[in-house]
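Asks: sequence first, predicted coordinates after that:
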Amino acid sequence: MSGSPPPPGGFVRRVGLFQATAINMSQMCGIGPFVTIPLMVSAFGGPQAVIGFVAGAVLALCDGLVWAELGASMPGSGGSYVYLRQAFRYRTGRLMPFLFVWTAMLFIPLIMSTGVVGFVQYLGYLAPGLGQTAGDLIGLGVIVLVVLLLWRGIEHIARITAVMWAVMIASVLLVIVATATHFSPHMAFTYSAGAFNVMSHHYWLGFAAGLTIGIYDYLGYNTTAYMGAEIKDPGRTLPRSILLSILGIMAIYLLLQIGTLGVVDWHRMTDPHDIASTSVASAVLEETWGKGAADTVTVLILVTAFASVFAGLLGGSRVPYDAARDRVFFRPYAKLHPRHQFPVLGLATMGVITAVGFLIGRHTDLATLIQLLTTVMVIVQALAQIIALTVLRRRRPELPRPYRMWLYPLPSVVAFAGWCVIYGYADKNSPGRRPIEWSLAWLALGCVAFLVWARRERVWPFGPKETGEEVGAVRNALEVS
């Protein structure tokens, strides 16, 4: 039964639908739209930037249906690790789940790094004289504080998340209401000549860049899938939390984007010397309700950014736990805190990588950081997981599926195509940065690490392939079936 008690020393199922949806939405929204609206406008070159958020929503919905079916079928901690192990163990043993954890240990903290970069950007609105060194130290301090707050039991964390979710909703709604009071349709819906010229190569470059930014803004709809072992009634709660969070955030983003374009001239968002290019929400409030209101909402946005990093590290730190427990990743990551039952090394490691990524983002640019993290995650998580869904339907038809993808396989095909567009255009949208080369280098390094690890553990290709059903992922599914 879904309410069965967890095994001794395991996670506790205390996260319900509201808290699960709040965790997803806090991670999805956070600081994202408040820092990427100017990036989206720059990518498209005008108010037609709303296309990027729509395209991102479509990709998130299609990919979210993949997560929903897999998460409901195998609700163990670790998310993709569980799914990839079950799908690919017959041919490549533990390679795919190992590579997923390897890449997740990089791209999840990089996502959190962008949130801290955005936090410091908006703090600069309240403290215009904030220097580079001071901003770096404050950002690092924020990361340390998040890790300290997560150093406790999940029941306390769920309550903290619900409070921060309420603050996030308040900050977003205030900005939306402010735009509605001074909205100019002429500013929001006046497009330059050729804005929708789909025959232009530049249009598709802008579309690919906008799709990348858009899906980055929606990332986090899968956070609770990483926490499957801590979700109440996961067969029902996981799919609902994923779909509700995507639909809710989609509505919020469209209102934010269109409303902002109707208040602030889009040319200001592309001017690096204008406050609208770094703190567009603050600029909106200043234009509509004055400096005092702008300062107040900026504080709420800072709390929202903090909540995003908090929720992301909460879910991400669970990723290596199941892998290590089932001997698919380095064994020290299998240890839980003796009192609060959270993965100690996973949280600490991701905290450190978040700090490093934050410093990289501060000394390069946010767009580059977004391109890097998306290319790192595409091959092993996004594309491989879509394939895993089809593989499992064919190899494991008897697997319990409380939720099955609507209109299968159409959402899988759309999601696969969308991720390929993001990956294929990464270098063209980041000239000189080479995110594809960096992602392939990290993947190759992961393959080397796997061979070293596999030899030590005496598993495939240095041992027999797995063919039995006794792996930890199945155990997790049986615990809740």
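Replies: Right, received. Where do you want to start? Numbers count the residues shown, from 1 in each chain.
Asks: quick check, pLDDT for residue 427.
Replies: If you check residue 427, the pLDDT there is 74.
Asks: swap in residue 345?
Replies: Reported pLDDT for residue 345: 85.
Asks: my guess is it meets residue 333, correct?
Replies: Yes. If you go by Cβ atoms under 8 Å, residue 345 and residue 333 touch, sitting 5.0 Å apart. From N, CA and C alone the C-beta is placed, and that goes for glycine too.
Asks: who has more neighbours, these two?
Replies: residue 333 (21 against 18; other Cβ atoms under 10 Å).
Asks: do I have it right that that one meets residue 322?
Replies: No. Residue 333 sits out of contact with residue 322 when judged by Cβ under 8 Å, with a separation of 9.3 Å.
Asks: residue 123 is in contact with residue 136, isn't it?
Replies: No. Between residue 123 and residue 136 there is no contact under Cβ under 8 Å: 11.9 Å.
Asks: neighbour-wise, which of those two wins?
Replies: Using other Cβ under 10 Å, the more surrounded residue of residue 123 and residue 136 is residue 123, with 21 against 16.
Asks: what's the helix or strand for that one?
Replies: Following DSSP states H and E, one finds residue 123 within helix 95-126.
Asks: buried ones in that helix?
Replies: Under the neighbour-count criterion of 16 or more other Cβ atoms under 10 Å, helix 95-126 has 95-125 buried.
Asks: what are the ranges of the helices in the stretch 201-350 of the chain?
Replies: Along the stretch 201-350 of the chain, counting by DSSP state H, counting those that start in this stretch, helices occupy 201-218, 234-261, 266-269, 280-288, 291-316, 319-325, 344-363.
Asks: give the contact list for the nearest residue to residue 414 once chain neighbours are set aside.
Replies: In space, and not counting its chain neighbours, residue 414 is closest to residue 62: 4.4 Å by Cβ to Cβ, 6 or more residues apart in numbering. Contact analysis of residue 62 by Cβ atoms under 8 Å, 6 or more residues apart in numbering lists 411, 412, 414, 415, 418.
Asks: between those, which has the most around it?
Replies: Within the contacts of residue 62, neighbour counts (other Cβ under 10 Å) peak at residue 415, which reaches 26 neighbours.
Asks: now that residue: how far from residue 453?
Replies: For residue 415, the distance to residue 453 equals 30 Å [Cβ to Cβ, to the nearest Å].
Asks: can you list the weak-confidence ranges in the stretch 251-400 of the chain?
Replies: Within the stretch 251-400 of the chain, the stretches with pLDDT under 70 are 337, 340-341.
Asks: repeat that for the stretch 101-250 of the chain.
Replies: Along the stretch 101-250 of the chain, the model assigns pLDDT under 70 to residues 152-159, 161.
Asks: any idea how many residues pack against residue 150?
Replies: 21.
Asks: swap in residue 200?
Replies: 12.
Asks: now it, nearest residue through space, not along the chain?
Replies: Residue 200 sits nearest to residue 194 (Cβ to Cβ, 6+ apart), 6.7 Å away.
Asks: which element is the one you found on?
Replies: Going by DSSP H and E, residue 194 is not in any helix or strand.
Asks: need phi/psi at it.
Replies: Dihedral pair for residue 194: phi 80, psi 10, per degrees, to the nearest 10.
Asks: what does residue 409 give?
Replies: Residue torsions, per degrees, to the nearest 10, at residue 409 are phi -100, psi 10.
Asks: you'd agree residue 232 is up against residue 224?
Replies: No. Counting by Cβ under 8 Å, residue 224 is not a contact partner of residue 232; they are 10.9 Å apart.
Asks: okay, these two: which has more neighbours?
Replies: More neighbours surround residue 224 than the other of residue 232 and residue 224, with 33 against 16 (other Cβ under 10 Å).
Asks: am I right that the more buried one is in contact with residue 18?
Replies: No. Shown here, residue 224 and residue 18 do not form a contact pair, counting by Cβ under 8 Å, at 11.6 Å.
Asks: picking that back up, how about the contacts of residue 62 in TSV, adding distance to residue 185?
Replies: Below are those laid out as TSV (distance: Cβ to Cβ, whole Å):
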residue	distance to residue 185
411	34
412	38
414	31
415	34
418	30
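Asks: looking at the residues you listed, spot the one nearest residue 213.
Replies: residue 418 (13.2 Å; Cβ to Cβ).
Asks: give me the three-state assignment for the closest one.
Replies: Following DSSP: H, G, I helix; E, B strand; the rest coil, the label given to residue 418 is helix.
Asks: if I look at it, how far off is residue 69?
Replies: Counting by Cβ to Cβ - residue 418 and residue 69 are separated by 18 Å.
Asks: likewise residue 453?
Replies: Distance from residue 453 to residue 69, by Cβ to Cβ: 30 Å.
Asks: how about the closest residue in space to residue 240 that isn't next to it in sequence, what does it touch?
Replies: The shortest distance from residue 240 to any non-neighbouring residue, by Cβ to Cβ, 6+ apart, is to residue 17 (5.9 Å). For residue 17, the contact set (Cβ under 8 Å, 6+ apart) comprises 232, 236, 237, 240, 241.
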